[in-house]
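Participant: what follows is a predicted protein model with its sequence.
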Amino acid sequence: MTAATATPDKTTEIRMKYGSMSNDRKWALRWSYFFLVLFAIFFLTPPIYMLITSLKTSQEISAITNPWWVFNPTLDNYRELLTSNSYLTFFLNSSIVTISVVIITMLISVPAAFALSRMRFWGSTVLGMGVFLTYLIPETLLFIPLFKMMAVFNEWTGIALINRWWVLLILYPTLTVPFTTWIMIGYFASIPKELDEAALIDGATWLQTLTKIFIPVALPGLIAAMIFTFTVSWAQFLYPLAFTTSESQLVLPVGIITTLIKGDVFNWGQIMTGALLGAAPPLIIYAFLMDYYIAGLTAGATKG
Amino acid sequence: MVDATMKSDVAAMRADKRGSLQRTFQRKSTIAFLMTLPLILLIATLVLYPAFYAVHLAMLNKTMERFVGLSNFTFLFKRETFWMVVMQSCIFAITAVFFKAIIGFIVAHLVHNIPDKGQRKWRGMLLVPWVIPPAMSTLAWLWLFDPSYSAFNWILESIGLSGVPWLGDVYWARFCVILVNVWIGAPFFMIMYLAALKSVPDQLYEAAKIDGANWWQTMRFVTIPMMRNIIMITALFSTIVTFANFDIVRVLTRGDPLDQTHVFATWAFRLGIEGGDIPLGASISLFMVPILTVGAIFILRDIVKRGNEA
């Protein structure tokens, strides 16, 4: 009797509890979306404002109208920049430097990572650690002694390195190689030993093991490392600012800042267009290869 | 009899094998060394050598003809700007890393809360500031902070408030440099924390729920302990990078107003490259070393520890 009366009470209670829980959940979700929208606005305002400004004429930019709206959209800024020789030169320089640095970095770091992860030799663990530590030495510590080294090198050999775009091919690998080597060591170490032992038993040389087994198997890691290298070299600002000055030798970020800003005169329409076009290659790569990009980002701390 | 011959055969094979093993080992190590040689050369000539060369340079006079010992350093110690730069670098790094970590933590939880389907889209959108080259996105901020056409001031003025001298006033300028740094760096924290959150096993949350843990207790006793490693290492990495930051301050304020927003890197560039006093610039940048070393030691310890666990 008492049991019979108690049961319906209990079930309604449970149902109410569940109901309130899913209600809670619904509200938590709503609040999550609300705050996500707020953060998205914070994170996306500058790039969107770049786009807005890049579509304006200089009259509209200096008018006292709502700056967040384009009243007379125009592509003049894009047309002007894409036909101006200096901007195209910066873009070309940036592309050549970045692609070469990606190739150089891979040629140095992939064999090194393979040797360090598979072919234990005297000092290999210490070297692995050392590689990681050099990644922690920032470029802001090295640019002054490097600058002086290049000047001394010029005195000794007569080869001018400063103010030549290809000096960046020597400098950028110091930023990219330690990290790519480090994450490639992690990727290579995760490949099962049986795989390369089988290859060695079948009579493959070390080089064949690397090119036929390790590179294909660790391809996702390789792509992540290449994307990392690309982004770092494309975005690097300090080295080109310190080491190159002539307009024909500049790469994008420095080129935009030194040529489009003349004295106190800012041509904001063109600056924003230039910056947006300059940000496009990494953004496009990111849009298509987001998972590799994120794998490369998180590899540094989660691997190893 | 048969046994004996077999045994000797095996022994001979073993000896043979050991000999060839030794030979391959020797060959292997030479190959390995050759494979790492470019890396070793690169690090030795372009990272380690300049790092020590910086110490040598810091002890020369301005024309780099005379050895002056520590007088560059004593000269710096007497300058007020130097102490301002020390303080500003520390405030800049600590505040920026703190807010990056907090915002990253919150946003990671928000993204983790929503259904799996939408997470990819939101994550992709929120990482955009990290993908744009910092020099370029800082230009957008520079334009947003423009003294006469600031789009932020337009909003403030249209709701009846007065405009803010974003980069004209020392304290506002310092705030702006930190804000831009947080804007660029917070998405990185978000990605790292999100990866850490995903790695916490669901069973732990279920167990916590069965034990009747509330939201705060779950956070305090499950989530944070499980994420602690990633939280620490991300913060350390970021401290090193932020402390050595150059792009943002250089593009946004160039150290102005009145050199009050300089950090080590930008001040070293101003004096060393633009001012032509390479030894002084080198001595300024060397002041980054102690903090970098502390960070590096902690990170290394963590890596060695995890290496031992694995």
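Facilitator: Happy to help now that I have it. Numbering: from 1, shown residues only, chains lettered A, B, ... in the order given.
Participant: show me the contact partners of the strand or helix carrying B:Pro225.
Facilitator: B:Pro225 belongs to helix B:224-243 when elements are defined using DSSP states H and E. With contact meaning Cβ atoms under 8 Å, 6 or more residues apart in numbering or on different chains, helix B:224-243 is reached by A:136, A:138, A:300-302, B:89, B:92-94, B:96-97, B:100-101, B:104-105, B:181, B:185, B:188-189, B:192-193, B:195-197, B:199-200, B:204, B:263-264, B:288, B:291-292, B:295-296, B:298-299, B:302, B:306. For the C-beta atoms, the positions are set from N, CA and C on the backbone; glycine is no exception.
Participant: PyMOL command to pick out the buried ones of those residues?
Facilitator: Entered in PyMOL, the line below selects the buried ones among these, by 16 or more other Cβ atoms under 10 Å in any protein chain shown:
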select buried, (chain A and resi 136+138+300+301+302) or (chain B and resi 89+92+93+96+97+100+101+104+105+181+185+188+189+192+193+195+196+197+263+264+288+291+292+295+296+299+302)
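Participant: can you pick out the ones from the contacts of helix B:224-243 that are in strands?
Facilitator: Among the contacts of helix B:224-243, no member falls in strands (DSSP state E).
Participant: now the stretch 101-250 of chain B, which segments are flagged as low pLDDT?
Facilitator: Within the stretch 101-250 of chain B, not a single segment meets pLDDT under 70.
Participant: break down the stretch 51-200 of chain A into its helices, ranges please.
Facilitator: For the stretch 51-200 of chain A, the helices defined by DSSP state H, counting those that start in this stretch occupy A:58-62, A:76-83, A:85-118, A:124-135, A:139-157, A:167-189, A:193-201.
Participant: pop the domain breakdown of the chain in here.
Facilitator: Let's take chain A. A:2-54, A:80-302 (automatic domain parsing).
Participant: look at chain B instead
Facilitator: For chain B, automatic domain parsing gives the domain ranges B:1-57, B:79-309.
Participant: of all these, which one comes closest to A:Thr89?
Facilitator: Checking the domains of chain B against A:Thr89 by Cβ to Cβ gives domain B:79-309 as the closest, at 17.4 Å.
Participant: which of the three states applies to the residue nearest in space to the middle of chain A?
Facilitator: For chain A, A:Thr231 is the residue whose C-alpha lies nearest the centre (Cα atoms, centre = their mean; 3.3 Å). Recorded secondary structure, A:Thr231: helix (DSSP: H, G, I helix; E, B strand; the rest coil).
Participant: look up how far B:Ser238 lies from A:Leu141.
Facilitator: Noted for A:Leu141: a distance of 17 Å to B:Ser238, by Cβ to Cβ, to the nearest Å.
Participant: over to B:Phe264?
Facilitator: From B:Phe264 to B:Ser238 the distance is 16 Å (Cβ to Cβ).
Participant: A:Asp291 too?
Facilitator: Taking Cβ to Cβ, one finds A:Asp291 at 23 Å from B:Ser238.
Participant: again, but for B:Asp202
Facilitator: Distance, B:Asp202 to B:Ser238, using Cβ to Cβ: 29 Å.
Participant: once you drop chain neighbours, what's closest to B:Ser29?
Facilitator: Take B:Ser29 and drop its neighbours on the chain: the residue closest to it by Cβ to Cβ, 6 or more residues apart in numbering or on different chains is A:Phe121, 4.0 Å away.
Participant: quick check, pLDDT for the one you found.
Facilitator: Reported pLDDT at A:Phe121 in the predicted model: 72.
Participant: cool, and B:Val2?
Facilitator: Note for B:Val2: predicted pLDDT of 46.
Participant: A:Phe114 is in contact with A:Leu222, correct?
Facilitator: No: at 11.4 Å, A:Leu222 and A:Phe114 do not qualify as touching, with contact defined as Cβ atoms under 8 Å.
Participant: which one of A:Asp291 and B:Ser238 has more residues nearby?
Facilitator: The neighbour comparison of A:Asp291 against B:Ser238 (other Cβ atoms under 10 Å in any protein chain shown) goes to B:Ser238, with 23 against 13.
Participant: for B:Leu179, see how far away the more buried one is.
Facilitator: 16 Å.
Participant: now swap in B:Phe82 and tell me
Facilitator: Noted for B:Phe82: a distance of 25 Å to B:Leu179, by Cβ to Cβ.
Participant: likewise for A:Tyr135?
Facilitator: Going from A:Tyr135 to B:Leu179 by Cβ to Cβ gives 27 Å.
Participant: between these two, which has more neighbouring residues?
Facilitator: More crowded of A:Tyr135 and B:Leu179, by other Cβ under 10 Å: A:Tyr135, with 24 against 20.
Participant: list the residues that contact the more buried one.
Facilitator: With contacts defined as Cβ under 8 Å, 6+ apart, the neighbours of A:Tyr135 are A:Pro178, A:Phe179, A:Trp182.
Participant: which one of the residues you listed is nearest A:Phe243?
Facilitator: Minimum distance to A:Phe243 across these is 20.0 Å, recorded for A:Pro178 (Cβ to Cβ).
Participant: what pLDDT does the model give the closest one?
Facilitator: For A:Pro178, the pLDDT comes out at 89.
Participant: could you do A:Met129 as well?
Facilitator: At A:Met129, the model reports a pLDDT of 80.
Participant: which non-adjacent residue is nearest it?
Facilitator: Computed as Cβ to Cβ, 6+ apart, the closest residue to A:Met129 that is not its neighbour in sequence is B:Leu300, at 7.0 Å.
Participant: which residues in the stretch 1-150 of chain B form helices?
Facilitator: Using DSSP H, counting those that start in this stretch, the helices assigned to the stretch 1-150 of chain B run over residues B:2-43, B:49-57, B:71-77, B:80-113, B:116-126, B:128-131, B:134-144.
Participant: ok, and does the last one reach over to chain A?
Facilitator: Yes: contact between helix B:134-144 and chain A, assessed by Cβ under 8 Å from any Cβ of the partner chain, occurs at B:Pro134, B:Ala135, B:Met136, B:Ser137, B:Leu139, B:Ala140, B:Trp141, B:Trp143, B:Leu144.
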